[in-house]
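Asks: Output the structure for:
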Amino acid sequence: MLNPKLYIFDIDGTLLTTDYKILPSTKKAMKLLAEGKLSAPIMLASARSPKAIDPIARELDLSPFYISLNGAFIVQNEKVLYDRPMEPSATQRVIEIGQEEGLSVNVYSRWDWFINEVNPWSTHEAKMVGWEGEVRDLSTVHEAHKILLLGEQDEILKVQRRLTEEVPSVAAHRSIPHYLEIVDASASKGQALELVSELISVGFANMVAFGDGENDLAMLKTAGFAVAMGNAHQSLKDEADFVTSSNDEDGIYRAVLKILELGGVR
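Replies: Purely as a prediction, here's the structure:
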């Protein structure tokens, strides 16, 4: 058995419930990992922007150390450790395709969030993350770390196929059925873990990763021990060392108890 030296948690669908709350059991689990016999640093890894991650880190009493924007941006104590925007031409082509297909287009650049209009999708996103996007002409945005396209599931699948064919320099993954997350093809949560491994000198075998969405798959494949939520995409369950209950059913707490019961990870 190996002692974990880094725990990595996705946020939406993993740490948060379906209605974007943190369960009391999840807070208890975080305390066990921070103070228990298998304590180790805790890092968050999310498609969210830094501005939307910071409040969650504070609520969980965690230091601000996280992978954000699906691996395109890594921050520790407000210091940028890694910064990988998309190519400007790719940024504009993704925006054009999103607008052509009638999707809500949301552009994230470092701590900023830009939209070309307020619509029901952007309003829902604002409610979820706790702040509003800035309305501006998206053709003027030259540095984007992530573009989020929001719409009905069939429209999202269509655009995902288009981007794969027309903009090969980006990667497009669904975090949930209505959300298509686009970043530079070289950026992913898994690739970000490789950088973090070098930065803090922790081997992959000693990493424990928790996730639920397609964009978490590379992270779970990279970490030595992978936990898939009960609500996770099937590809994550197939990859996982342990499948816990859902994000609404104390999944984090049950997984942490399992790791403590094992006395480490294999």
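Asks: With adjacent residues omitted, what lies nearest to the residue nearest the centre of the chain?
Replies: Nearest to the geometric centre of the chain sits Ser46, at 2.1 Å (Cα atoms, centre = their mean). Closest residue in space to Ser46, ignoring its immediate chain neighbours: Ile11 at 4.1 Å, by Cβ to Cβ, 6 or more residues apart in numbering. Every C-beta, even on glycine, is put in place using the N, C-alpha and C of the backbone.
Asks: what's near enough to touch Ser122?
Replies: Residues in contact with Ser122, defined by Cβ atoms under 8 Å, 6 or more residues apart in numbering, are 104, 106, 115, 133, 150.
Asks: Now with 10 Å, please.
Replies: Residues in contact with Ser122 (Cβ atoms under 10 Å, 6 or more residues apart in numbering) are 104-106, 113, 115-116, 132-133, 135, 148, 150.
Asks: Kindly state the domain boundaries assigned to this structure.
Replies: 6-83+187-262, 88-184 (automatic domain parsing).
Asks: possible to save these as TSV with mean pLDDT?
Replies: Shown next, in TSV, are the domains of the chain (pLDDT from 0 to 100):
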stretch	mean pLDDT
domain 6-83+187-262	94
domain 88-184	93
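Asks: just those domains: most buried one?
Replies: Using mean count of other Cβ atoms under 10 Å, the stretch among the domains of the chain with the largest mean neighbour count is domain 6-83+187-262, at a mean of 20.
Asks: Show the contacting residues for Glu134.
Replies: Under the criterion of Cβ under 10 Å, 6+ apart, the neighbours of Glu134 are 107, 112-115.
Asks: could you redo the last one with a cut-off of 8 Å?
Replies: Contacts of Glu134 by Cβ under 8 Å, 6+ apart are 112-115.
Asks: Among those, list the two that are farthest apart in space.
Replies: Greatest spatial distance among those (Cβ to Cβ): Asp112 and Ile115, at 10.8 Å.
Asks: In the chain, mark out all the strands, start to finish.
Replies: Per DSSP state E, the chain carries strands over the ranges 6-9, 42-45, 65-68, 73-76, 79-83, 104-109, 112-115, 134-135, 146-150, 170-176, 179-184, 207-211, 225-228, 242-243.
Asks: Dump those strands into JSON lines; add distance to Glu35 as well.
Replies: JSON lines is the format used below for the strands of the chain (distance: least, Cβ to Cβ, whole Å):
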{"stretch": "strand 6-9", "distance to Glu35": "13"}
{"stretch": "strand 42-45", "distance to Glu35": "11"}
{"stretch": "strand 65-68", "distance to Glu35": "17"}
{"stretch": "strand 73-76", "distance to Glu35": "21"}
{"stretch": "strand 79-83", "distance to Glu35": "26"}
{"stretch": "strand 104-109", "distance to Glu35": "34"}
{"stretch": "strand 112-115", "distance to Glu35": "35"}
{"stretch": "strand 134-135", "distance to Glu35": "40"}
{"stretch": "strand 146-150", "distance to Glu35": "34"}
{"stretch": "strand 170-176", "distance to Glu35": "31"}
{"stretch": "strand 179-184", "distance to Glu35": "33"}
{"stretch": "strand 207-211", "distance to Glu35": "16"}
{"stretch": "strand 225-228", "distance to Glu35": "20"}
{"stretch": "strand 242-243", "distance to Glu35": "22"}
